[in-house]
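Asker: Sequence and predicted structure are below.
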Amino acid sequence: MSFQPQYLSGREIREKFLQFFEKRGHQRLPSASLVPEDPTVLLTIAGMLPFKPIFLGQKEREYPRATTSQKCIRTNDIENVGRTARHHTFFEMLGNFSFGDYFKKEAIAWGWELMTQVYGLPPERLIVSVYEDDDEAFDIWHRDIGIPKHRIQRMGEADNFWKSGSTGPCGPCSEIYYDFHPEKGDENIDLEDDSRFIELYNLVFMQYNRDSEGNLTPLQNKNIDTGMGLERTAQVLQSVPNNYETDLIFPIIKTAAEIAGIDYSKSNEKTKVSLKVIGDHVRSVVHTIADGVSASNIGRGYVVRRLIRRVVRHGRLIGIDGAFINRVAEMAMQLSEDVYPNVRERETFIKAELQREEAQFLKTLERGEKLLAEILASKPKQISGEDAFTLYDTYGFPLELTQEIAEENGLSVDVTAFEAEMEKQRERARAAHETIDLTVQGSLDKLAEHVHATAFLGYTDTQSTARIEALLVDGKIVESAETGNEVQVVLDRTPFYAESGGQIGDRGYLLGENVVVRIDDVKKENDIFVHFGRVERGTIDSGDSISAKIDRACRRRAQANHSATHLLQAALKQIVDDSVSQAGSLVAFDRLRFDFNCPRALTSEEVQQVEDIVNTWIAEAHGTQVAEMPLDDAKTKGAVAMFGEKYADVVRVVDFPGVSMELCGGTHVSNTAEIGAFKIISESGISSGVRRIEAVSGPAVLDYLNLRDRVVKDLCDRFKVKPEEVSDRITSLQEELKSTQKELDAVKAELAVAKSDQLVSQAEPVGEFKVLVANLGTADPKSLQTAAERLQQKLGEAAVVLGAVPSEGKVSLVAAFSKGVNQKGLQAGKFIGGIAKICGGGGGGRPNLAQAGGRDATKLPEALEAAKQQLLEGL
């Protein structure tokens with residue numbers, strides 16, 4: 001029963017899917033960014049995620065049907081990448097969606113038609129699954145489609161009932177599987193058998209809402225959410241043994257193999273795994289960086305950093321020395337630029353980020369090699385799982401590399417303990433962000449069923465009448481609230497701006513008859529505005545009509561800072577580099593903050609130039625033009641969009657003609673002259689490749705200058721100098737202090753040496769060695785080190801450990817070991833690090849000399865006693 005499918009490229013598979021559903025009334029939409037709007041997940045992990053607000057009923061549907069090819073990233077099972085045929089971090093999910101339009105009958109029929117007629121898969125090669133209680137889907141597959149009953153598998157809730165969390169929309173699902181070996185027959189079919197079956201298409205019938213008690217109630221509008229993995233489908237239609245050897249990934253793998261000077265087809269399984277990891281991870285980082293994520297040690301940035309490091313590590317495993325990642329990334333860009341043009345538009349930034357991270361990690365790997373050498377030099381019986389995990393997680397050493405080097409030295413690695421540490425890390429990753437939560441915080445999910453989107457009037461009005469649609473106290477829906485209650489109020493319309501686009505929410509008041517509610521903040525869940533405040537007087541009831549008034553002074557300050565932020569970005573593009581792009585922002589009443597992608601620090605001259613040009617534009621009094629237009633028109637006009645943001649088809653454009661044009665939903669001045677003035681307070685780096693400028697504008701500039709003026713006047717009074725002489729006076733005092741400190745350090749060192757010389761006689765003989773452990777009072781770390789080295793040299797074959805408390809709450813420890821002590825298996829670095837833990841600290845260094853510190857000075861005597869006992873036992 002051999003079958004050879006008609007070959008289709010990945011590009012053709014994608015296009016045929018999208019065209020199929022376009023012809024059936026679906027709106028083709030572009031892939032959303034990998035950086036989701038949903039704050040509950042770090043990255044876009046499913047094709048349905050961009051439509052979450054519609055499924056929740058929090059956002060009106062723009063189309064009854066949609067179809068997409070969505071970029072996705074999942075890293076919860078990263079260790080399986082390259083080891084199985086179908087695990088990836090980056091993948092494309094083809095999907096068709098119905099928002100209260102068609103349901104099971106159409107979804108099933110179209111899914112079958114797509115598989116059998118468009119992709120040409122024979123029916124006898126396909127098998128389907130349904131939820132165990134979903135008789136409706138079973139009947140459609142059997143009676144309408146004609147699938148024999150024995151080829152429709154009923155599955156339990158774990159496999160075929162989709163839910164995102166403990167509450168919220170959910171429903172049964174049905175899956176279409178491809179059978180690689182139909183000759184095995186239809187008896188004892190096991191869809192978990194990956195060697196025989198591969199799931200291609202998943203149809204989710206979102207028909208219920210599950211409440212906190214676990215009760216299921218039918219949704220008023222039933223939805224369809226489907227997903228078909230592009231890479232999996234390509235594996236079948238291209239007749240290759242795994243997803244990696246499809247035309248979507250294999251050219252990347254081939255490029256890496258050529259750099260390593262090896263042939264993939266002739267490589268052993270271990271080498272193939274490394275090549276597959278490189279192929280998969282390079283796709284991930286190229287697209288993630290293209291969507292505006294920079295490598296860092298937190299959040300999305302850590303995902304990027306971890307993936308880059310795994311690429312470098314696996315490159316070394318297959319024999320690649322030095323930098324190579326950009327050569328592989330170029331192929332990944334070539335494969336995707338026609339579908340995702342932003343990878344080429346952001347090419348310069350992507351390659352700069354990859355080059356910087358790769359170079360930094362290669363240095364880290366070298367340090368890891370040194371650490372492993374130290375571990376081996378201590379002559380352990382076995383490399384501990386903790387040490388192996390530290391090498392893996394901190395220094396990028398794969399377990400296999402540590403094992404290989406250990407075997408060369410006649411040692412083994414405690415793999416069981418290593419796996420235990422790995423599992424702890426996996427649990428942390430799973431708990432962090434790998435599910436989609438289709439509930440809204442607090443009671444807002446219940447409100448979604450009864451409350452319509454809030455009408456925002458704040459672009460033109462600073463006050464308006466409104467009706468209280470909902471009232472919450474302590475996160476619970478209530479009918480009324482009284483004086484002193486902290487409340488959250490939802491209005492039918494409002495002049496209050498809700499926190500969005502970096503701009504904080506307005507402040508102000510809700511006023512009624514004998515009622516005053518002070519509003520301190522406004523946030524929104526999709527299009528529902530929630531006003532946070534306190535009832536200052538009276539009682540308010542749900543359904544009341546009130547007057548909503550914003551604090552105009554605060555609004556003017558926010559407007560000035562937001563407009564100044566636009567001018568700042570334009571100035572950075574002009575002065576620093578046109579490729580500068582926004583990575584985040586804060587527009588507050590008293591200040592503004594602008595984060596931007598830039599691989600280097602700005603010079604003081606550039607900072608001054610940026611400030612000057614912004615103030616020039618302010619003085620030129622450019623009028624503000626605000627217009628709504630189709631997204632494509634805005635892009636054609638040159639409007640700047642923030643990378644990673646998802647925009648509607650119609651967007652709001654804020655234009656300062658000849659200066660700046662951006663897509664923005666914030667509030668702004670009507671003329672740049674209203675800003676008044678602009679002053680940069682600081683420029684700094686916040687993560688690799690991301691810089692931050694903090695500044696003030698408008699009235700806040702005067703506040704800033706008045707504060708600086710008071711400080712300067714105070715310094716002038718203290719130093720008895722003129723303002724222009726303050727800097728010289730401070731420099732003079734610093735030099736005097738530095739000179740005095742040098743003299744003091746010299747005296748301390750002499751005292752420490754003198755005291756240490758008296759300790760020689762206290763050394764205890766242990767066989768051929770001498771052991772000296774002592775407390776040197778308040779000696780500073782440098783003096784302590786000098787004393788330890790001097791004592792060890794005087795004593796010859798000896799182990800010296802000294803401790804001191806140089807300042808309150810600070811412990812300093814030093815160990816100096818002779819070569820003979822090292823040969824006994826004692827290393828100064830590892831030894832003193834363990835002792836320092838007793839004092840709540842840590843440290844390390846070379847085998848012969850190491851320093852450590854601690855925070856609990858009361859534990860120093862205990863630590864020194866432990867050091868003495870361990871040395872006596874070890875020698």
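Answerer: That came in fine, so what should we check first? The model shown is predicted, which means the values in this text are computed figures rather than measured ones.
Asker: C-alpha from now on. contacts and neighbour counts both.
Answerer: Will do.
Asker: and the residue of the chain most remote from its centre, what pLDDT?
Answerer: For the chain, the residue at maximal distance from the C-alpha centroid (C-alpha atoms, centre = their mean) is Ser761, at 58.2 Å. You'll see Ser761 listed with a pLDDT of 83.
Asker: Would you verify that it is located in a helix?
Answerer: Yes. Secondary structure of Ser761 (DSSP: H, G, I helix; E, B strand; the rest coil): part of a helix.
Asker: model confidence over stretch 598-618, on average?
Answerer: Mean pLDDT, computed over stretch 598-618, is 94.
Asker: mind listing what's buried in the helix or strand that contains Glu258?
Answerer: Here Glu258, judged by DSSP states H and E, is contained in helix 250-260. By neighbour count with 16 or more other C-alpha atoms under 10 Å, helix 250-260 contains the buried residues Phe250, Pro251, Ile252, Ile253, Lys254, Thr255, Ala256, Ala257, Ile259, Ala260.
Asker: list the contacts for the second one?
Answerer: In this structure, Pro251 makes contact with Met331, judged by C-alpha atoms under 8 Å, 6 or more residues apart in numbering.
Asker: That one and Met333, how far apart?
Answerer: Distance check for Pro251 against Met333: by C-alpha to C-alpha, to the nearest Å, it reads 11 Å.
Asker: Against Ala774, how distant is the residue farthest from the centre of the chain?
Answerer: Taken as C-alpha to C-alpha, the span from Ser761 to Ala774 is 12 Å.
Asker: Let me see the ranges of the helices in the stretch 51-200 of the chain.
Answerer: With DSSP state H, counting those that start in this stretch as the criterion, the stretch 51-200 of the chain has helices at 52-56, 104-113, 135-139, 157-160.
Asker: Out of the ones you listed, which is closest to Gln220?
Answerer: Closest to Gln220 of the helices of the stretch 51-200 of the chain, according to C-alpha to C-alpha: helix 52-56, at 11.4 Å.
Asker: Now do the closest one: which elements does it pack against?
Answerer: If you count contacts as 3 or more C-alpha pairs under 8 Å, 6 or more residues apart in numbering; DSSP states H and E, helix 52-56 packs onto strand 168-179.
Asker: Which of the residues in the strand it packs on are classified as buried?
Answerer: Within strand 168-179, the residues scored as buried using 16+ other C-alpha under 10 Å are Gly168, Pro169, Cys170, Gly171, Pro172, Cys173, Ser174, Glu175, Ile176, Tyr177, Tyr178, Asp179.
Asker: packing partners for the one helix or strand Thr217 maps to?
Answerer: Using DSSP H and E, Thr217 sits within strand 216-229. Here strand 216-229 touches strand 90-99, strand 197-210, going by 3+ C-alpha pairs under 8 Å, 6+ apart.
Asker: out of those, which comes closest to Val285?
Answerer: Of all these, it is strand 90-99 that lies closest to Val285, at 8.7 Å by C-alpha to C-alpha.
Asker: Show me what that closest one pairs with in its sheet, parallel or antiparallel.
Answerer: strand 65-73 (antiparallel), strand 216-229 (antiparallel) (DSSP bridges).
Asker: Quickly compare those and say which is most buried.
Answerer: Among the strands paired with strand 90-99, strand 65-73 has the highest mean neighbour count (mean count of other C-alpha atoms under 10 Å), at a mean of 24.
Asker: Let's test this: mean pLDDT of that strand, rounded?
Answerer: On average, strand 65-73 scores 95.
Asker: And the contacts of it?
Answerer: Taking C-alpha under 8 Å, 6+ apart as the rule, strand 65-73 contacts 14, 18, 21-22, 25-34, 43-47, 89-99, 101, 284.
Asker: Put the alpha carbons of that strand into PDB.
Answerer: Output of strand 65-73 as PDB, limited to C-alpha atoms (Å, rounded to 0.1, in the frame of the first residue of the first chain):
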ATOM      1  CA  ARG A  65     -14.500  34.300   9.500                       C
ATOM      2  CA  ALA A  66     -10.700  34.600   9.300                       C
ATOM      3  CA  THR A  67      -7.700  32.600   8.200                       C
ATOM      4  CA  THR A  68      -4.000  33.000   9.100                       C
ATOM      5  CA  SER A  69      -0.600  31.500   9.100                       C
ATOM      6  CA  GLN A  70       0.600  32.400  12.500                       C
ATOM      7  CA  LYS A  71       4.200  32.500  13.800                       C
ATOM      8  CA  CYS A  72       4.500  30.700  17.100                       C
ATOM      9  CA  ILE A  73       7.200  29.900  19.700                       C
END
